[in-house]
Structure formats: structure tokens, C-alpha cells
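In: here's my sequence, what's the structure:
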Amino acid sequence: MRYTVKTLGNICHYQFSNIEEVEVNDIEFGELDYHELEEAFLLDKCSVENQKISVDDGIEFKIYDVRNNLILEFNSSDIAQNDDGGACFCPEPQYNEEYENCLGSFQYFKGEGPVFELESEEELKIENFSYSLMILELDDGEISLMDGFYFNNKDIENIDSGVSKGTHRFVKIWKQNGEVFEFDL
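Out: You can find the predicted model right below:
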């Protein structure tokens, strides 16, 4: 039988870009507004970009059959973390030699997240589901995001994303010298 899994929660769209010291100074001294910064360093120019749903804020899972009947409903706190998959990323140049200075942009959305599809002949049970983590290690703490979603330890294919609304955004620059500059939006 084929099932669709829809998620609800807070979605984090993150982007990281390497920038030179002179560009850091231009940003710090207000010579670029956010739109200019986005155009110059983020749009189609970032080294890392993705969008994942936040485990920190909890994820609601709803599973539907082919007739769109709700079959099972649970939260991320109800299922285990899977050790397969997952990743960790630190943007700070003193820990990540790929960056001279790292510009990071984080935009949060609330609403529907990734949509998954799975096939199974067995009865669906909460304990058969798990997820892996993507950790963003920032200077002021970690952001925990769902990296993969599993049924019976098999990765479930992400087929779509739902609709969500933007809630807030923040931008930081991690400098080579260890300082952190937060861009006022």
C-alpha cells in the first residue's frame, strides 16, 4: 500500500558563503543593505544551501493512505533518532578551513514541511519510524534539523514540500579572527 507522510513545523532555509575581509568591512560599515548583500553573496553564489524542518521546535507527522484518510499521527518526540545519515556543519573559519570569513543567512518559515512517500504491506506503527539529524553548530548554540526520515531503517524519499509562511530571518558573519558580526535586518 502507498502512503503519503506530511510534516508540519518550523522550516529553516540556510545559506553559507565564503567572503573576503574587504567584503566583511563593507557589510559592517553599512555599505550594503540586506538585498544588496543577498544579491552579492547568496543568490546562486553560496557554497552551502538547503532547507530542512526543525527538530528543535518539534515536527508533527501525519500519514495518509491513497484515499487521503489520516492513518497515523505522531510527533518527532515520539520517534527515535536514527544513526544512519545525518551531518554536522560549523561555519566558523577557525574550525572550517573552507572559509576565510563565513556569511550565514537563516530564514524561518512556519507551516508544512517535507512530504514523503512510502510503500508498505505491513501495518504502520510509530516505533517503525525514525529520523536523522543535521546539526548546524553556531557560535551561540546548535540548530537541530531533520536530515533523513526512515521507515524500518530505510530512508523514505522526500517527494515534495508543503506550503509555509516566513516568520523571521537573521544573518551573521563569522570572521577569521573569531569575532561574530550580526547583520541588523
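In: got the buried residues for stretch 97-117?
Out: By neighbour count on 16 or more other Cβ atoms under 10 Å, the buried set for stretch 97-117 is 99, 101-114, 116. To be clear about C-beta, it is placed using only N, CA and C from the backbone, and glycine gets the same treatment.
In: how about stretch 46-58?
Out: Buried residues in stretch 46-58, counted by 16+ other Cβ under 10 Å: 46, 48, 50-55.
In: cool, stretch 21-28 as well?
Out: For stretch 21-28, the neighbour count (16+ other Cβ under 10 Å) marks 23-24, 26-27 as buried.
In: can you map out the helices along this structure?
Out: Taking DSSP state H, the helices of the chain run over residues 21-28, 34-37.
In: nearest to Gln81, out of these?
Out: Smallest distance to Gln81 across the helices of the chain (Cβ to Cβ): 35.0 Å, for helix 34-37.
In: that older thread, can you add distance to Glu38 and pLDDT and give the buried residues of stretch 46-58 back as TSV?
Out: Below are the buried residues of stretch 46-58 laid out as TSV (distance: Cβ to Cβ, whole Å; pLDDT from 0 to 100):
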residue	distance to Glu38	pLDDT
Cys46	10	91
Val48	15	94
Asn50	17	94
Gln51	16	94
Lys52	20	96
Ile53	23	97
Ser54	22	97
Val55	27	96
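In: now do the most centrally placed residue in the chain against Cys12, distance only.
Out: Against the mean C-alpha coordinate of the chain, by Cα atoms, centre = their mean, the closest residue is Lys52 at 2.9 Å. If you measure Lys52 against Cys12 using Cβ to Cβ, to the nearest Å, the figure is 6 Å.
In: anything in contact with each of those two?
Out: By Cβ atoms under 8 Å, 6 or more residues apart in numbering, Lys52 and Cys12 have these common neighbours: Leu145.
In: ok so, going back, show me what contacts the residue nearest to the centre of the chain?
Out: Shown in contact with Lys52 (Cβ under 8 Å, 6+ apart): 11-12, 14, 114, 134, 145-147.
In: let's see that with 10 Å instead.
Out: Lys52 sits next to 11-14, 113-114, 133-134, 136, 143-148, 158 when contact means Cβ atoms under 10 Å, 6 or more residues apart in numbering.
In: and for Ile59?
Out: For Ile59, counting by Cβ under 10 Å, 6+ apart, the contacting residues are 7-11, 53, 74-77, 79, 113-114, 131, 145-146, 149.
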